[in-house]
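Q: got a predicted structure plus its sequence, pasted below:
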Number of protein chains: 2
Amino acid sequence: MSQREPAGLTAASQIYAALKRDLIQGRFAAGEKLAIKSLKDHYQVGLSPLREALNRLSAYGLLTQENQRGFRVPALTRTDLDDIVTLRQRFERQALVEALDNGDDQWEAELLAAFHRLKRADDQAEDLEHWEQMHLQFHRRLLEPCASRWLLRFIEQLHDQFDRYRRLAPAIPGLRKTLDAQHGELVELALDRRTEAARALIHEHIQLSYEVACGACRDDA
Amino acid sequence: MSQREPAGLTAASQIYAALKRDLIQGRFAAGEKLAIKSLKDHYQVGLSPLREALNRLSAYGLLTQENQRGFRVPALTRTDLDDIVTLRQRFERQALVEALDNGDDQWEAELLAAFHRLKRADDQAEDLEHWEQMHLQFHRRLLEPCASRWLLRFIEQLHDQFDRYRRLAPAIPGLRKTLDAQHGELVELALDRRTEAARALIHEHIQLSYEVACGACRDDA
DNA sequence: GTCGCAACAAAAATCGATTTTTACTATGAC
DNA sequence: GTCATAGTAAAAATCGATTTTTGTTGCGAC
């Protein structure tokens, strides 16, 4: 038997991806109750795959589920944001150290490639979504050699949570430039295996994003 | 309008809980593909709530989902177990420190109560499931005052993963006694706010469980 | 006016049937 | 015998209709 292709995604997986994207982008108001009927119409899918996607998303933490009363978009609070950021800093520092330990030549090459694509996306500022994609991939690639699959999983989850805040916050003019300088420095430190400096920088990098993201939430809840 | 009662759980939530329990207890073989039809018959539920539960469980990490070919029980490997344990140690140490910082009188009382129930469950060794329940609640209670909801969430998730290994491992005669002594010490250290000693002990406590749990997995995969 | 309750409307959850996809088997060409 | 392919059986995924639960409104008692 010949190896089959990855095959097309199920409707449930597609709607999951679409909803996840829209939730992170802030297309739904925080705290909003989702009207399943209108989601069905909007995304042009049946009830079953839609409900499966909603269930996955609530297990993932991008939705909350109340017993017989449907799904709700989680609120954005300052405490929640602080919690997410503190953990991201801890987790990503740890993962970065392990990545620097384990990363090989192949990884270095791919990291450089990811950084290159990110810079390119930066130039053509018209396509914001494309930059977001490249940015996510860069950070994934950076930590990839970390052997702890669970740690990477949690980092990804926290990253998605964080982005709900960040993408809602008002854009700051010079910011992109500063962040991108940090990305460049991260690559350099990574290639040189300057572990301590890299640790400190990733912390600072997240801290900077945090200060931006604070613009997204009112006082606490 | 008067406040309504918590209301009965949906079929999806019930089947979710039942499946989760059975997965953690090791009722399904690791790596096994789940036959949806027979699950439906066994748990006496319809397809829709069953599939919703399966989707939640795979987002939670107790199942894996392959594109158009259903759900599968994740394998048990040594690398996975090591990963889980290392993170549990780090996370629970951290959470414990924060819990000791934040815990108040009320918490101290409830912790003592939880410990008492655990000891009681220990005496009546006939009901193993009851002890498991009390044990879980004790550890939850211990860390409860930790303010980081996300950290507690991850700890719970890792705990469930770990239990898949632990509960499959062969029972060791004197073990329960040693573990329970540690629980008692933990309470004492917690009440006295001896943070460093408590940190060290929770680490050791997890380490001991780990050595038991190793019995559950073959050589690596 | 407020409370309780019934009736109704809307939404969520569930069911059973149908469609789609995969897994398996058998057949025939080379 | 090996490979490819068609055909069939089984399983997964999806659909549309139905049931159950919630939320709202209106009516009457106090």
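A: In hand now; what should we look at?
Q: C-alpha only now, for contacts and for neighbours.
A: Fine.
Q: flag every residue of chain A that's near chain B.
A: Contact residues, chain A versus chain B (C-alpha under 8 Å from any C-alpha of the partner chain): A:7-10, A:48, A:51-53, A:55-60, A:67-68, A:83-84, A:87, A:148-151, A:154.
Q: residue boundaries of the strands in chain A?
A: In chain order, chain A shows strands spanning A:64-65, A:71-72, with DSSP state E as the criterion.
Q: what is the first one packed up against?
A: Spelled out, that is strand A:64-65. Identification of packing neighbours for strand A:64-65 by 3 or more C-alpha pairs under 8 Å, 6 or more residues apart in numbering or on different chains; DSSP states H and E yields strand A:71-72.
Q: any part of the strand it packs on near DNA strand D?
A: No - contact between strand A:71-72 and DNA strand D, assessed by C-alpha under 7 Å from any atom of the strand, is absent, since the two come no nearer than 11.1 Å.
Q: what do you get for stretch A:36-44?
A: No - applying C-alpha under 7 Å from any atom of the strand, one finds that stretch A:36-44 is not in contact with DNA strand D, the shortest distance being 7.8 Å.
Q: now, of the residues of chain A next to chain B, which are buried?
A: In the residues of chain A next to chain B, burial by neighbour count holds for A:48, A:51-53, A:55-60, A:83-84, A:87, A:148, A:150-151, A:154, counting by 16 or more other C-alpha atoms under 10 Å in any protein chain shown.
Q: also within reach of DNA strand D: list those from the residues you listed.
A: Counting by C-alpha under 7 Å from any atom of the strand, A:Ser48 from these sit close to DNA strand D.
Q: quick one on the thing from earlier: any chance of the strands of chain A in TSV, with mean neighbour count, mean pLDDT and distance to DNA strand C too?
A: Shown next, in TSV, are the strands of chain A (neighbours: other C-alpha atoms under 10 Å in any protein chain shown; pLDDT from 0 to 100; distance: least, C-alpha to the nearest atom of the strand, whole Å):
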stretch	mean neighbour count	mean pLDDT	distance to DNA strand C
strand A:64-65	19	96	7
strand A:71-72	22	97	6
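Q: what about A:Ala35? Give its phi and psi, please.
A: phi -90, psi 110 (degrees, to the nearest 10).
Q: report pLDDT for it.
A: pLDDT recorded at A:Ala35 is 95.
Q: and if you look at A:Ser2?
A: In this prediction, A:Ser2 has a pLDDT value of 37.
Q: disregarding residues adjacent in the polypeptide, which is nearest to A:Ala197?
A: For A:Ala197, ignoring the flanking residues on the chain, the nearest one in space by C-alpha to C-alpha, 6 or more residues apart in numbering or on different chains is A:Leu189 at 7.0 Å.
Q: and stretch A:114-126, what's buried?
A: Taking 16+ other C-alpha under 10 Å as the basis for neighbour counts, the residues of stretch A:114-126 that come out buried are A:Ala114, A:Phe115, A:Arg117, A:Leu118, A:Lys119, A:Ala121, A:Asp122.
Q: please save the CA atoms from it in CSV.
A: The C-alpha coordinates for stretch A:114-126 follow below in CSV (Å, rounded to 0.1, in the frame of the first residue of the first chain):
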residue,chain,number,x,y,z
ALA,A,114,12.1,32.1,9.7
PHE,A,115,13.7,35.4,10.7
HIS,A,116,14.3,36.3,7.1
ARG,A,117,10.6,35.7,6.3
LEU,A,118,9.6,37.8,9.3
LYS,A,119,11.7,40.7,8.2
ARG,A,120,10.3,40.5,4.7
ALA,A,121,6.8,40.5,6.1
ASP,A,122,7.8,43.5,8.1
ASP,A,123,8.6,45.5,5.0
GLN,A,124,5.3,44.9,3.2
ALA,A,125,3.3,46.3,6.0
GLU,A,126,0.0,46.1,4.0
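Q: mind giving me the packing neighbours of the lengthiest helix in chain A?
A: If each helix of chain A is counted by residues according to DSSP state H, the longest one is helix A:78-102. When contacts are defined as 3+ C-alpha pairs under 8 Å, 6+ apart, helix A:78-102 sits against helix A:128-143, helix A:149-166, helix A:195-213, helix B:149-166.
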